Structures are given as structure tokens and as C-alpha cells.
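A.B. asks: The following comprises the amino acid sequence and a computationally predicted model.
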Amino acid sequence: MHDAAGIAAHFANSLDHSRAETAPYRHWLLHDGLPPETCAAIDALPYAPPPIGDTHGRRETNNSTRLFFGAAARAQHAICNQLALALQSNAVVQRIESICGIDLTGFFLRIEYCLDTDGFWLEPHTDIGVKRFTMLI
């Protein structure tokens with residue numbers, strides 16, 4: 001399994017080779033964003049998708065079942081900590097700032113492990129202002 005530095009280097013390389021798009025909004029498409037063994041370790045975490053009914057296109061309708069790689073998950077599962085360290089590394093943060101033309105100074109990382117299943121949908125929306133950058137892997 002890669003350590004945080006290996007994950008960060010792999011992710012930074014993926015950012016460097018991302019494809020910029022402008023429609024329907026400014027975004028970048030990455031290929032091979034995380035090392036395969038990192039993906040396998042995340043997939044092996046002991047979390048199953050919760051049974052969720054109709055969300056009406058909003059994540060907040062199931063807030064109680066949302067899973068974050070916060071302090072508890074990072075202490076319990078090495079891969080959660082390694083991923084958080086990698087995504088918060090100076091190399092990755094600087095690369096995101098440069099590629100996206102944003103300043104992340106003073107902002108904090110929040111990693112949500114979305115266990116969406118077939119049929120889940122999220123209505124088009126804009127994030128709240130405190131979110132400077134959103135990434136889906």
C-alpha cells in the first residue's frame with residue numbers, strides 16, 4: 001500500500017494530466033486519480049451503503065448516515081489517514097491552487113465517503129460559499 005507521499009505524488013501527477021472543461025461549468029477531468037491499491041484499501045473498509053429511501057435529490061436528507069474520514073476514521077483506518085495526509089500535502093494543495101486558479105489558504109479539508117447506490121441522484125446545485133473546491137473521485 002502506498003504511504004501518504006506516494007498517494008500525493010500519484011494524485012499530483014493525475015492533476016498535471018487532467019483535462020480542463022468549461023461547460024456546463026469550469027471543471028477538470030482526471031484519469032487514474034488514486035493508485036489502484038489505495039482504491040482497493042478504501043473499497044475494503046468495513047462500511048456498507050446505508051439503506052436510503054428517496055432523498056429528493058439532496059444529501060442532507062440522509063445526514064445521519066453520511067460517512068467522513070474525520071478524526072475517528074483516521075485513527076481507526078490507516079488508509080483514511082494516509083489519504084487525508086496526501087490530499088492536505090503542500091504539493092497537492094499547491095497543484096490544485098495552480099491548476100484551478102484558487103487560493104486555499106485558511107481552508108480545511110473534508111473528505112466524505114459517499115456510498116451512493118444505483119438510483120441515487122443529486123439535484124444540480126451550487127455549493128455554499130465556504131466550500132472553495134469540491135472534488136468527486
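C.D. replies: Noted; the coordinates are in hand.
A.B. asks: Tell me where the model's unsure across the chain.
C.D. replies: For the chain, the stretches with pLDDT under 70 are 1, 52-64.
A.B. asks: what ranges do the strands span in it?
C.D. replies: Remark: strands assigned in the chain by DSSP state E are 19-21, 27-29, 67-68, 112-113.
A.B. asks: Show me the one of the ones you listed that comes nearest residue 5.
C.D. replies: Proximity to residue 5 (C-beta to C-beta) singles out strand 112-113 among those, at 21.9 Å. C-betas here are computed from N, CA, C, even on glycine.
A.B. asks: just checking, what packs against the closest one?
C.D. replies: Using 3 or more C-beta pairs under 8 Å, 6 or more residues apart in numbering; DSSP states H and E, the elements in contact with strand 112-113 are strand 67-68.
A.B. asks: quick one: the strand it packs on to chain centroid distance?
C.D. replies: 11 Å (C-alpha atoms, centre = their mean, to the nearest Å).
A.B. asks: Mind listing residues that contact it?
C.D. replies: Contact partners of strand 67-68, identified using C-beta atoms under 8 Å, 6 or more residues apart in numbering, comprise 47, 73, 110-113, 115.
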